[in-house]
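# have a look at this prediction, sequence included:
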Protein chains: 2
Amino acid sequence: MTGNTAYARLTARFTRLATLGEAAGMLGWDAAAMMPPGGGAARGDQMAVLAGLGHEMLTAPAVADDLLAAVPPADPWHEANLGLMRHAHRRATSVPADLVEAQSRANSACEQVWRGARKDADFAAVRPHLTEVVALVRQQASALSPALNLSPYDALMDGYQRGIGAGDVAPVFANYAQFLATALPQAEEIQARRGAPLPVQGTFPQELTEALCRRLSHRAGLEVDHSRLDKSTHPFCGGTPTDVRITTRYYDHDFSPSVMGVLHETGHALYERGLPARFSRQPVGEAAGMAAHESQSLIVEMQACRTDAFLGWLGGELLQTYGGDPAVYAAGNLGRLTRHIERGFIRVDADEMTYPAHVILRFQLEQALVSGDLAVADLPGAWNDGLHKLLGITPPNDAQGVLQDIHWYDGAIGYFPSYTLGAMAAAQLMAAARRAEPGLDAALARGDLSVLLGWLRTNVHGRGSLLGFNDLLRAATGKPLDPADFQAHLAARYLGG
Amino acid sequence: MTGNTAYARLTARFTRLATLGEAAGMLGWDAAAMMPPGGGAARGDQMAVLAGLGHEMLTAPAVADDLLAAVPPADPWHEANLGLMRHAHRRATSVPADLVEAQSRANSACEQVWRGARKDADFAAVRPHLTEVVALVRQQASALSPALNLSPYDALMDGYQRGIGAGDVAPVFANYAQFLATALPQAEEIQARRGAPLPVQGTFPQELTEALCRRLSHRAGLEVDHSRLDKSTHPFCGGTPTDVRITTRYYDHDFSPSVMGVLHETGHALYERGLPARFSRQPVGEAAGMAAHESQSLIVEMQACRTDAFLGWLGGELLQTYGGDPAVYAAGNLGRLTRHIERGFIRVDADEMTYPAHVILRFQLEQALVSGDLAVADLPGAWNDGLHKLLGITPPNDAQGVLQDIHWYDGAIGYFPSYTLGAMAAAQLMAAARRAEPGLDAALARGDLSVLLGWLRTNVHGRGSLLGFNDLLRAATGKPLDPADFQAHLAARYLGG
C-alpha cells in the first residue's frame, strides 16, 4: 500500500473495523440460524457492544485528522476507497454513540419478540418494541439528514444503497404500478386460458430437499469449503466473503420455495465470493449496496434459473431426487409451476410481477413512519388498506400482513426499495450478458451457470464498490438504470401468449 | 450497585469486557462446530481483533487509576470481585498488546492446520505452527512471571486455575504415579478374572445416539431454551451462561463415547447455568477456574453416571433406543463395559484410573517446553518415551500420540493439570454430597440427577469465583484438596474384589 501515512493508517483502521463487522455478522447469522431463545438477551448485549466499539473506532478524533490529511495512491480504486471512508465517517459522526448502542439493543430485543409475535399473529405483542425501534430510527434519520444533506428518509436509504433517494424511486414505482394495473389482469387471463399445470403432489422430505439445494448451490459455483447452508425463519445470506452462510426454509408439501430460495441466496453468496480480494476489508472492496446485491440474487434466481432452458435441466434433477410423475417435471409444466402469477399476501413467496407491489406498499408505509404521518399503532390497518389498493386483497391476519418480514422489527427502514431496484437491474444486466455471451442460454440448458457467473465476476462482482449503482450499470450494460428491460422481460415471459 | 464511583466504573467496564468475551466465545464455538475450512484465516483475524480490543479495554490507563481508587461495598462478593479485577489487570498489563494479537492469530492458524495434520498423522505439517505458538507462549510466560511473582510455568497455570502451581501439583502427581504402579496391575488382574463383558454389537446410527444424548442432557437439568448440542472433532463446552453449547463425536460402532462425553460436557454446562446471575459478567460471577470446572464435568460423568445405580436406569434407555440383547444393557454388564480399565493411547478415551497418567505426561512435557529443555521438534519422541514409562505402551503414529489433543495447538499450555485436579476434587465433592444428601444414590437409580445438582448449585455453582479452589473445597467438603478421596473411590470401584 503506497500513499501517505495518514491514508495507510486509515486503511489499517478500516481493516480492523471490517474485521469487527465480520464478527458481528457471524453473531447475527448465529442468532437467526443457531441460537436457542434463551440466548437472545445476551446476544443483544453482545451485538450492542460490538456496534459501540465499531462506532468508537470510526469516530475517534484521529480519523477526522487522517481523513483531512490523507493522500491515496493515484489510482481510481484508492481514490474511491478514501471517498467511501469519508462517507462512512460522516454517517457515523452524525449519530451519537449512545443512540447506536440503544438501536442495536432495541432492534435485537424487538427481533426476538417478533419471532414469537409472528408465530402467534399477535402484532400487539411486538408493538411496544416496534414503537421503540421506529422512534430510534427517526432520531437516527434526523441526525443523519443535515450531515448528508438528504431528507431524513433518503438518509436512511443511503445506508443501504448510496446514490438513490425517494425522489428517484417514486416515479419508477408509480410507473410500475401503472404497468401492473394493465399487465397483471392480462397475465392472469393468459394464465387462466392455459389451464392449471399438473400439481406438485406427495411429500418432499427435508433431507432430500436439503441435499438437492446443497448440490444446486455448489453447482452454481458456491464452494463447499467457503459456505454453509442452514435453516432459518427468514431466508438470508450472511457470513463473510470467505465463509458465506445462506439459509432457507423447508416445506413438506413443496420443494419449490426451498430450491428457488437457495438459488436466490446463492446469487447473493456468489457476489460476496467474487468481490475483489485485494481490497478485502476496505470500503471499496465491499459489495456496491443492497440494490446491487439484490440484482445478483435475482439474476440467478429469476433471470437464469426460471428460464425454460434451466428448468428443462432442473426437471431431471427433481425427478431423480423425488421420483413420481415425470410429466410434472417436464420443462413446460415446471415453468407454469414456478412462474405462476398470483396476488398473494407474502412478499417472499410472491411472483416477480406482483413482488414490486409488496415493495411499493412498504416504501409508502415506511416513508410515513419516518415522517411521523403514520403511528405504529395504525400500521396494521394501513398495511391492509394499502395492499388492498395495490393488489385487491386483504390479509386474513397480521402474520400474513404486517408481521411477515423481519426488516422493520430489526430496525431496517429504507431497505425495501432495494428489492425492486435490484429486480430491474437484474433484467438489465441479463440482457447485456446475453448480448456479450451468446452461449449463455445453451449453458443454462445444461444446468451450467458458469458463463453467466464469469460475466458477472468481471462486470459486477470484481468491481466491488468502485462505482455507484448507476455507474456500475453503465459500465456493465452501457446505460444507467432503465426499467424498460424489466418490463420487457415480464412482457416476454408473461404476456407473450 | 453501591460503592464509590471508581468501583462503579470498573463494574461497567468489566461487564463490557465480559460481553466482548462472550462474542469471542461464540466465534470460537463456531470455528470448532460450524465453520467451513475456508473461513479459518478470516476467523483468526476476527478473534485477534476481539482479543486486542479486550486487551485495550482492560489495560486502558483509566483502569489502573480506578483500581487504586476503588472502594467496593462492604460485602465479601464485591471485595472478591475487586481483587479479581486487580488480578486480571495485573495479568493483562504485563503482556504487550501486540503479543496478545500475535498469539491469537498464531493459535488460530495452528489450530486450523492441526485439524488436517491430525487427520493425516503428520506432525511435520503442523510443527512450524506449533513452534511459533510455543515461542509466543514462552514470551508470554516470561512477561507474566515477574508481574505475578510466579515461575514462568506457574504464571501460565494461574491463567487457568488461580492458586495452584507446579510445586503443589508435582507431589500429588508423583504420589498418584506410585499408586498407579501398584493399583493398575491389580485392577487389570481383577478385571481379567471377571472375564469380558458381553460386547456392544451392531451399529448405532448417529440420529438415534444424538437424540438420546439430547434427552439425557436435558434430563440432567440442561434446559432446551438455553443450550445446543452439536458435533466437533474434540468435544467441548462453549457459549455463554444463558446459551451453553456442548459438542460430542459419534461412532457407528459404539454409543458409549458419545453418551458419556455428553454427560461430561453437560456437567460443565450445568456449572455455567448455575453461576450467580446477580454477578453475571463480573469476575466474581465466573466459574472458579478450570480445575473447578473439570470437577463438575467429572462429578456428573464419572462419579454419578458410571455408578451401578445410574447405569441400571441408563441400560433401560439404551435398550429402548437401540433394541438388541437386553443382557448387554443390564447394569452389571454395562458397568463392566463403561468402567473398563485399559492402557490406551488417547486421553479422552481413557478410563479414570489411567487418565491421570496421560495428564502427568503432558504436565512433564509442557514444563520442559516452557523451560526450553525440550524443543518442539523433539516432542513426538519425548511423548512416546514418556507414555511408555508411565503406561508401558507406545503410540503407532502421532495422530494417536502428540497430535491427539487440541490444547497445545491452540496455545493452551498449563491447562492439562486441571483435568486431574478436577478428578480428585470430583471424588471429594461426591463424598461430601453423599453425606449431606442420603437420597442421592436412590435418585441416581431413577436416572435423576436433581439431588446431586441441587447440592452442587448451593455448594459449588452458586459460589462463582467467590472462593479460590482450596477454599471452595473447604467450604463444600470441610477440607482442602485431599487426593485420598479419589484413591478411595478408585479402590472401591476397581480393587473391591
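Now that the structure is in, tell me what you want to look at.
# show me the strands in the stretch 201-350 of chain A, by range?
With strands called from DSSP state E, counting those that start in this stretch, the stretch 201-350 of chain A shows them at A:227-231, A:237-240, A:243-248.
# how many residues are close by A:Thr5?
11 (other CB atoms under 10 Å in any protein chain shown). Yep, even glycine has a C-beta here, placed from its N, CA and C like the rest.
# burial count for the residue in the stretch 51-200 of chain A that chain B sits nearest to?
Closest to chain B within the stretch 51-200 of chain A is A:Leu53: 5.9 Å, counting by CB to the nearest CB. A:Leu53: 25 surrounding residues under other CB under 10 Å.
# surely it and B:Leu20 touch.
Yes: A:Leu53 is in contact with B:Leu20 according to CB atoms under 8 Å; the separation is 7.5 Å.
# can you pull the contacts of the closest residue to A:Asp230 other than its chain neighbours?
Nearest non-adjacent residue to A:Asp230, counting by CB to CB, 6 or more residues apart in numbering or on different chains: A:Ala33, 4.5 Å away. Neighbouring residues of A:Ala33 by CB atoms under 8 Å, 6 or more residues apart in numbering or on different chains: A:230-232, A:245, A:247.
# now list the buried members of the residues you listed.
Among the contacts of A:Ala33, those classed as buried by 16 or more other CB atoms under 10 Å in any protein chain shown are A:230, A:232, A:245, A:247.
# closest one of these to B:Ala69?
A:Arg245 (46.0 Å; CB to CB).
# for the closest one, name its beta-bridge partners.
On the basis of DSSP bridges, A:Arg245 is bridged to A:Arg228, A:Gly238.
# if we look at the helix or strand containing A:Gly381, which residues are touching it?
A:Gly381 is part of helix A:379-391 when elements are defined by DSSP states H and E. For helix A:379-391, contacts defined as CB under 8 Å, 6+ apart pick out A:123, A:130, A:177, A:180, A:343, A:345, A:354, A:357-358, A:360-361, A:364-365, A:368-369, A:374, A:393-395, A:398, A:401-402.
# how about a cut-off of 6 Å?
A:123, A:343, A:357, A:361, A:365, A:374, A:394, A:398, A:401-402 (CB atoms under 6 Å, 6 or more residues apart in numbering or on different chains).
# can you give me the buried ones in that helix?
So helix A:379-391, judged by 16+ other CB under 10 Å, has buried residues A:379-380, A:382-384, A:386-387, A:390-391.
# look up how far B:Asp45 lies from the one residue in the stretch 151-300 of chain A that gets nearest to chain B.
Using CB to the nearest CB, A:Asp243 is the residue of the stretch 151-300 of chain A that sits closest to chain B, at 2.8 Å. According to CB to CB, to the nearest Å, A:Asp243 and B:Asp45 sit 12 Å apart.
# and for A:Arg435?
41 Å.
# how about the closest residue to A:Val244 other than its chain neighbours, what does it touch?
Spatial nearest neighbour of A:Val244, chain neighbours left out: A:Ala269 (4.2 Å); criterion: CB to CB, 6+ apart. Listed by CB under 6 Å, 6+ apart, the contact set of A:Ala269 reads A:222, A:237, A:244, A:246.
# looking at the residues you listed, which two lie furthest apart in space?
A:Leu222 and A:Cys237 (10.1 Å).
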